[in-house]
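1. next input, structure requested:
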Amino acid sequence: MAQLIDRRLNGKNKSAINRERFLRRFRGQIKEAVARSIKGRSITDIDSGEKISIPVKDVNEPVFGHAQGGMRESVHPGNEEYQRGDQIDRPDGGAGGGGGKASQDGEGEDDFTFELSREEFLNFFFDDLELPNLVKTQLAATQSFKQVRAGYTADGTPSNINIVRSLKGALGRRIALSAAPMARLDEAREELDELLETLDEHDPAVQALREEIRALKTRIIGIPFIDPFDLRYTNRVKVPRPSTQAVMFCVMDVSGSMDEQKKDTAKRFFILLYLFLMRAYEKIEVVFVRHHTQAQEVNEHDFFHARDTGGTVVSSALKLVDKIIGERFPTNDWNIYIAQASDGDNWDSDSVICKDILLGKVLPLVQYYAYIEITEGEPQNLWMEYQKIAAACGHFAMRKIQSQADIYPVFRDLFKKVSTAA
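-> Have a look, this model is predicted:
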């Protein structure tokens, strides 16, 4: 068996480089392990690392070997029971030994277990997710800048000299300065040839012409190959780093019909959404809106921990969202997204008002609207009205969550990447 030895020097961060290579090579197995680990932990614990295991057979190193190849049949020495061509019955219980049962005389290996850091875990956890329909390109008023090339300049540091551009300039200058002397030199040579046909070489006219030719050659040779005037430097300027602005409205029903279990499920969904937004986008605003009979904009802490409650008027939240958009988030500059969580319980007349507000005011302004209904029973009247909206608007999505186990699948379904391939 051939052995390959890598004798290349490794830097002081050798282990970090090897770890990155390992994560890249076994990306598929690690993503499956992360998905499995989600089922056994709380959503509120997502923002931390995780110990995961992958089958040890998947981490074997590839090796080069030499074999005869092709189809071969052989009977090993010491065989007393079988002849060439005999067919052997499969043992009872299936082929091979299962990994889940212990063997009295067999041996095996445990799965390969290692720990992902917080950053690595979130990278795999939120892989393949995005905000849909991020199409507007207005630049954000950001403090982040990047250096970009902006032509050439005559002044600069030696490290920024552009050799090709400088040589082109020097060549152009030499051609321009030598054009007239070269033309006169060609004429003088022709005149000298004509004079030598009739006059002696020592004639004063011939000598004067020879002196002029010598001066022209000296003038042409004296043109410098490169002059400080020819030097050009790469010019770099700072420009704002492009980033698309987005705002996400998180709307949660905290009415009396939303019991503690439903509120906890809604909070877990929004915590997942909040972590995703904070990780995926540098320039994004998050607006938190809670509502019962009245709606109010709150900060992050109050959104997840405040305990006020009351009746249910969903339209109050939609009216507040529409007001905030009009005052603070012009649609020419912002990509607007809304995620709403409710148990669907609402006044029948108010559900119709909600449909009219969404179709007439809110949905024309937003890129994507996601509604989740947290209920174990039959859909409520709000769901029925929203179904009419989903049939008319392609950027309106609605899903149902019956238990906490549905949070992650629904979240991935709502925010999965859409292939742009034709």
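
2. what are the ranges of the strands in the stretch 51-200 of the chain?
-> 112-116, 145-153 (DSSP state E, counting those that start in this stretch).

3. quick one: Gln296 is in a strand?
-> Yes - under DSSP: H, G, I helix; E, B strand; the rest coil, Gln296 sits within a strand.

4. on that earlier part again, among the strands of the stretch 51-200 of the chain, which gets the worst mean confidence?
-> Lowest mean pLDDT within the strands of the stretch 51-200 of the chain: strand 112-116, a mean of 62.

5. shouldn't Ser315 be within a helix?
-> Yes - judged by three-state DSSP, Ser315 forms part of a helix.

6. what sits closest to it if chain neighbours are left out?
-> Ile353 (4.5 Å; CB to CB, 6 or more residues apart in numbering). C-beta coordinates here come from the backbone N, C-alpha and C atoms, glycine included.

7. list the helices and strands the longest helix along the chain packs on?
-> As assigned by DSSP state H, the longest helix anywhere in the chain is helix 163-198. Helix 163-198 is packed against helix 204-221, with contacts defined by 3 or more CB pairs under 8 Å, 6 or more residues apart in numbering; DSSP states H and E.

8. toward the C-terminus, what is the element adjacent to the helix it packs on?
-> strand 233-240 (DSSP states H and E).

9. any idea of the mean pLDDT for that next one?
-> 81.

10. any idea how far Asp302 is from His292?
-> Distance of His292 to Asp302, computed by CB to CB, to the nearest Å: 14 Å.

11. the more surrounded of those two?
-> His292 (21 against 14; other CB atoms under 10 Å).

12. ok, now which ones touch the more buried one?
-> 253-256, 308-313 (CB atoms under 8 Å, 6 or more residues apart in numbering).

13. out of those residues, which comes closest to Arg412?
-> Asp253 (22.7 Å; CB to CB).

14. now the stretch 301-422 of the chain, which segments are flagged as low pLDDT?
-> Scanning the stretch 301-422 of the chain for pLDDT under 70 picks out 417-422.

15. what ranges does it have for its helices?
-> 314-328, 348-357, 381-392, 407-414 (DSSP state H, counting those that start in this stretch).

16. packing partners of the last one?
-> Helices and strands in packing contact with helix 407-414 are listed as helix 260-280, strand 368-374, strand 396-401; criterion 3+ CB pairs under 8 Å, 6+ apart.

17. name the stretch among the ones you listed that sits most buried.
-> strand 368-374 (a mean of 23; mean count of other CB atoms under 10 Å).

18. on that earlier part again, what is the most widely separated pair among the contacts of His292?
-> Asp308 and Val313, at 14.3 Å, using CB to CB across the contacts of His292.

19. quick check: the residue nearest to Ser315 touching Val313?
-> No - at 9.0 Å, Ile353 does not count as touching Val313 under the criterion of CB atoms under 8 Å.

20. where does Glu20 land on pLDDT?
-> Per the predicted model, pLDDT is 68 at Glu20.

21. buried residues in the longest helix of the chain, which are they?
-> 165-166, 169-170, 173-174, 177-178, 181, 185, 188, 195 (16 or more other CB atoms under 10 Å).

22. now the residues you listed as JSON lines including pLDDT and distance to Lys146?
-> Below are the buried residues of helix 163-198 laid out as JSON lines (pLDDT from 0 to 100; distance: CB to CB, whole Å):
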{"residue": "Arg165", "pLDDT": "89", "distance to Lys146": "22"}
{"residue": "Ser166", "pLDDT": "90", "distance to Lys146": "26"}
{"residue": "Gly169", "pLDDT": "90", "distance to Lys146": "28"}
{"residue": "Ala170", "pLDDT": "90", "distance to Lys146": "32"}
{"residue": "Arg173", "pLDDT": "89", "distance to Lys146": "34"}
{"residue": "Arg174", "pLDDT": "89", "distance to Lys146": "38"}
{"residue": "Leu177", "pLDDT": "89", "distance to Lys146": "40"}
{"residue": "Ser178", "pLDDT": "89", "distance to Lys146": "43"}
{"residue": "Pro181", "pLDDT": "89", "distance to Lys146": "48"}
{"residue": "Leu185", "pLDDT": "90", "distance to Lys146": "52"}
{"residue": "Ala188", "pLDDT": "88", "distance to Lys146": "57"}
{"residue": "Leu195", "pLDDT": "84", "distance to Lys146": "68"}
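
23. closest one of the residues you listed to Ser349?
-> Nearest to Ser349 among the buried residues of helix 163-198, with distances taken as CB to CB, is Arg165, at 73.1 Å.

24. next up, the contacts around that closest one.
-> Arg165 touches 152, 232, counting by CB under 8 Å, 6+ apart.

25. for Ile389, which non-adjacent residue is spatially closest?
-> Using CB to CB, 6+ apart, the closest residue to Ile389 is Phe396 (5.2 Å).

26. tell me what that neighbour is bridged to.
-> Beta bridges link Phe396 to Tyr369, judged by DSSP bridges.

27. that one contacts Pro364, doesn't it?
-> No - under the criterion of CB under 8 Å, Phe396 is not in contact with Pro364, lying 11.5 Å apart.

28. quick one: residues contacting the residue nearest to Ile389.
-> 358, 363, 369, 371, 386, 389-390.

29. could you dump the buried residues of helix 163-198 to CSV with distance to Pro379?
-> Shown next, in CSV, are the buried residues of helix 163-198 (distance: CB to CB, whole Å):
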residue, distance to Pro379
Arg165, 69
Ser166, 73
Gly169, 75
Ala170, 79
Arg173, 81
Arg174, 83
Leu177, 86
Ser178, 88
Pro181, 93
Leu185, 96
Ala188, 101
Leu195, 111
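
30. nearest to Asp322, of those?
-> Arg165 (55.6 Å).

31. ok, now how distant is the closest one from Arg149?
-> Taking CB to CB, one finds Arg165 at 12 Å from Arg149.

32. overlap of the contact sets of the two?
-> Between them, Arg165 and Arg149 share no contacting residue, judged by CB under 8 Å, 6+ apart.

33. about what we covered before: okay, Ile353 and Val313: which has more neighbours?
-> More crowded of Ile353 and Val313, by other CB under 10 Å: Val313, with 21 against 18.

34. pretty sure the more buried one is touching Lys319, no?
-> No - in this structure, Val313 is not within contact of Lys319 by CB under 8 Å, at 9.7 Å.
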